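S.K.: Sharing a model that was predicted from the sequence below.
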Amino acid sequence: MMKTNMRYCRGGILALLCSLLCTCGRAPENEKRPAEVGADPRPNVILIIDDQHRYDALGKVNPQVLTPTLDSLAASGIHFTQAVCQAPMCVPSRNSVMFGLYPSQTGVFRNSDGVPDTALPGKTMAQYFSDAGYETAGFGKTHWGKHRTGTRGFETRYSSEIPEDGGITMAMADSAAKARYDAEIGPMGPGEENNIGYLGFTSALPEEDHRDGWINQQALRYLREREDDRPLFFYLSYMKPHAGHNPPAGYEDLYHTDSIRYAVQPPWDLDYSPHASGVNRRELYEGFWKTATPEQWRLMTMRYYANVTWIDDMLGRVLSEMKRGGLLDNAIVVYTSDHGEMLGERYYRFNKYCLYDASVRVPLIVTGSAVANGVGTEDARPVDLVDVLPTLLQAAGITPDAALPGVNLLAPAAREGSFSALHEREGEAAFMWRTAEEKLILVLRRKDQARAYGPEDIITGEFYDLAADPREWNDLYGRAGVAQQQQKFTQAILEKLSGM
């Protein structure tokens, strides 16, 4: 499956990655640095997020994807296999992660939303750690929304695209490189998500001219030069594997395009998505991909995977530098993504903006010395990304200022199902309740307050037996055979909303 590629080896030969990351924070005693007398015993806290990464685009889940760094992280910690985001789009999802709140609590429902610094719904993750005496450093995308913001708790702040007062952007630091990248992606359209963006091409630019490559450079430089004795909260956020599919040269060479499996289409003549019809650039994508050749489908899918592998490679370099500096000796490391990617599944549906599994499920790995039990395991409990903040705070011994809806993932399972929301259609809101076996999506008349929703607001819904129908092609909503479960899940959604 994999071809020899020296560029990938530059970021970490597979054997080196395994020796580095399978111990992530658990190096043999003779490799550990001696603890200094009076040193702060709290762990370094490391959060890595990428963008639009499908839950199954991991080598340990799908062998045709090459992710040795992430596979090694999973081998050294806990892989939560049923995690979902709280809204399948960047801005509301990232606000949920950083505040530890659901969209109905942050007030951020869509990519066009956001809250100003003067009206924050709570403390940000970085502010919690800053207030607790941590050094805080953030690299890459946060995407707070439409308002210009400050760094919101980060002392050191480098962003790839959106400026924050007190931070440094790629355009500020290297405007020529940013201009070269913008010129290359120009034909890919807004968000790099038109059909050229998805089909993609091999980038003609060096890695450092890419936004993620530039961010990785800044993170590595910071780690090499850092001299602070405080425990560290380190946030690293990549913009890929989100389209456009223009990985730097070398990563596509790791794949045999002819063997790539791509989306299987349902036997439909029209799109069926009651909660999300008309919100996903249907005409743009459907018109092109219905007549695309198998070679185009394979290239599109392969280049998405090549972006995944590139991010995995860069992350390996960062973790290697952390290892060298001793930061992993006492650490908790969390890796996840803000949402998934449909990648043409379910009748030519691309990107996100729906509550189907390929969009709403995300990879989630928790590892490091703070993980005492379950190393190298898969955990299939229901998980919401709002659980990330309380997990990290608990590991650092920090008490939140106000009650958070999330739970500590290093404690026994505490959820019966996962919850997500979509607010893309005018006058409607869609809410999901999901277990590993079944899923209900309810479409309700939109209300200003989550607590105001009731059974009388239900317009329609979708119900899927995920065990028997993982592609979500067979909607069972209203069928007698699922009536009891449908009512149970309906009650769970309404109770969840009533508590917000």
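M.R.: Cool, the structure landed. Residues are numbered from 1 along each chain as shown.
S.K.: Which residue comes closest to the most centrally placed residue in the chain once chain neighbours are left out?
M.R.: Among the residues of the chain, residue 337 comes closest to the average C-alpha position under C-alpha atoms, centre = their mean, at 0.8 Å. Take residue 337 and drop its neighbours on the chain: the residue closest to it by C-beta to C-beta, 6 or more residues apart in numbering is residue 53, 3.6 Å away. Backbone N, C-alpha and C define where each C-beta goes, glycine included.
S.K.: Next, count neighbours for that neighbour.
M.R.: For residue 53, the tally of surrounding residues (other C-beta atoms under 10 Å) stands at 28.
S.K.: What does it show for phi and psi?
M.R.: For residue 53, the backbone dihedrals (degrees, to the nearest 10) come out as phi -100, psi 110.
S.K.: circling back: so the residue nearest to the centre of the chain sits against residue 47, correct?
M.R.: No: using C-beta atoms under 8 Å, residue 337 makes no contact with residue 47, being 11.7 Å away.
S.K.: Now find how far off-centre stretch 453-466 is within its chain.
M.R.: The chain centre lies 26 Å from the centre of stretch 453-466; the measure is C-alpha atoms, centre = their mean, to the nearest Å.
S.K.: what's the longest strand anywhere in the chain packed up against?
M.R.: Using DSSP state E, we find that the single longest strand of the chain is strand 232-241. Counting by 3 or more C-beta pairs under 8 Å, 6 or more residues apart in numbering; DSSP states H and E, the packing neighbours recorded for strand 232-241 are strand 44-51, helix 125-131, strand 135-140, helix 211-225, helix 294-324.
S.K.: Now do stretch 319-329: distance from first to last residue.
M.R.: Taking C-alpha to C-alpha, to the nearest Å, stretch 319-329 runs 12 Å from one end to the other.
S.K.: what do you get for stretch 223-231?
M.R.: End-to-end distance of stretch 223-231: 13 Å, with C-alpha to C-alpha as the criterion.
S.K.: Quick one: residues in contact with that stretch.
M.R.: Contact with stretch 223-231 is made by 39-40, 42-45, 133-135, 232, 318, 321-322, 325, 327, 396, as judged by C-beta atoms under 8 Å, 6 or more residues apart in numbering.
S.K.: Quickly list the domain ranges of the protein.
M.R.: 42-412, 426-500 (automatic domain parsing).
S.K.: Need the winner for burial among those.
M.R.: domain 42-412 (a mean of 20; mean count of other C-beta atoms under 10 Å).
S.K.: avg pLDDT for that domain?
M.R.: Mean pLDDT, domain 42-412: 97.
S.K.: With distance to residue 418 added, can I get the domains of the chain in CSV?
M.R.: As requested, these are arranged in CSV below (distance: least, C-beta to C-beta, whole Å):
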stretch, distance to residue 418
domain 42-412, 4
domain 426-500, 5
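S.K.: ok so, going back, kindly reformat the helices and strands packed on strand 232-241 as a markdown table containing distance to residue 270.
M.R.: Output for the helices and strands packed on strand 232-241, formatted as a markdown table (distance: least, C-beta to C-beta, whole Å):
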| stretch | distance to residue 270 |
| --- | --- |
| strand 44-51 | 30 |
| helix 125-131 | 43 |
| strand 135-140 | 39 |
| helix 211-225 | 37 |
| helix 294-324 | 20 |
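S.K.: So for residue 373, which of these sits nearest?
M.R.: Ranking those by proximity to residue 373 (C-beta to C-beta) places strand 44-51 first, at 18.9 Å.
S.K.: centre of the chain versus the next helix or strand after that closest one, how much separation?
M.R.: Sequence order places helix 68-75 as the next helix or strand after strand 44-51, per DSSP states H and E. Computed by C-alpha atoms, centre = their mean, the separation of helix 68-75 from the middle of its chain amounts to 16 Å.
S.K.: need the next SSE after helix 68-75, C-terminal direction.
M.R.: Downstream of helix 68-75, the first helix or strand assigned by DSSP H and E is strand 78-80.
S.K.: by contact count, what packs against that following strand?
M.R.: strand 364-368, strand 377-379.
S.K.: Looking at those, spot the one closest to residue 402.
M.R.: Shortest distance between residue 402 and the helices and strands packed on strand 78-80, using C-beta to C-beta, is found for strand 364-368: 23.6 Å.
S.K.: From the contact counts, what lies against the closest one?
M.R.: Judged by 3+ C-beta pairs under 8 Å, 6+ apart, the packing partners of strand 364-368 are helix 68-75, strand 78-80, strand 331-337.
S.K.: Same list, these, but as JSON lines with distance to residue 151 please.
M.R.: Below are these laid out as JSON lines (distance: least, C-beta to C-beta, whole Å):
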{"stretch": "helix 68-75", "distance to residue 151": "27"}
{"stretch": "strand 78-80", "distance to residue 151": "29"}
{"stretch": "strand 331-337", "distance to residue 151": "20"}
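S.K.: how about these, which one is nearest residue 358?
M.R.: With C-beta to C-beta as the measure, strand 331-337 is the member of those nearest residue 358 (12.2 Å).
S.K.: Please state the backbone phi and psi of residue 168?
M.R.: Main-chain dihedrals, residue 168, degrees, to the nearest 10: phi -120, psi 130.
S.K.: Name the strands paired with the longest strand of the chain and say parallel or antiparallel.
M.R.: Strand pairing for strand 232-241, using DSSP bridges, gives strand 44-51 (parallel), strand 135-140 (parallel).
S.K.: any chance of those strands in a markdown table, plus distance to residue 244?
M.R.: Listed next are the strands paired with strand 232-241 as a markdown table, based on distance: least, C-beta to C-beta, whole Å:
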| stretch | distance to residue 244 |
| --- | --- |
| strand 44-51 | 12 |
| strand 135-140 | 17 |
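S.K.: Can you say which of those strands is nearest to residue 312?
M.R.: Proximity to residue 312, assessed across the strands paired with strand 232-241 by C-beta to C-beta, is greatest for strand 44-51 (9.2 Å).
S.K.: how big is the angle separating that closest one from helix 294-324?
M.R.: 170 degrees (axes from the mean of the first three to the mean of the last three C-alpha atoms, to 10 degrees).
S.K.: wait, which of the helices and strands packed on strand 78-80 is closest to residue 194?
M.R.: Comparing the helices and strands packed on strand 78-80 by C-beta to C-beta, strand 364-368 comes nearest, at 29.9 Å.
S.K.: Using CSV, write out every CA atom in that closest one.
M.R.: Extracted C-alpha coordinates of strand 364-368, given in CSV (Å, rounded to 0.1, in the frame of the first residue of the first chain):
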residue,chain,number,x,y,z
LEU,A,364,-10.9,11.5,19.7
ILE,A,365,-7.8,10.2,21.4
VAL,A,366,-6.7,10.9,25.0
THR,A,367,-3.2,9.9,26.1
GLY,A,368,-0.3,10.9,28.2
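S.K.: contacting residues around that strand?
M.R.: With contact meaning C-beta under 8 Å, 6+ apart, strand 364-368 is reached by 24-25, 43, 46, 70, 73-74, 76-80, 83, 328, 331-336, 375, 383, 385, 388, 391, 409-410.
S.K.: how about a cut-off of 6 Å?
M.R.: The contact list for strand 364-368, computed with C-beta atoms under 6 Å, 6 or more residues apart in numbering, reads 24-25, 73-74, 76-80, 83, 331-336, 409.
S.K.: How far away from the center of its chain is stretch 342-357?
M.R.: Here stretch 342-357 is found 16 Å from its chain centre; the criterion is C-alpha atoms, centre = their mean.
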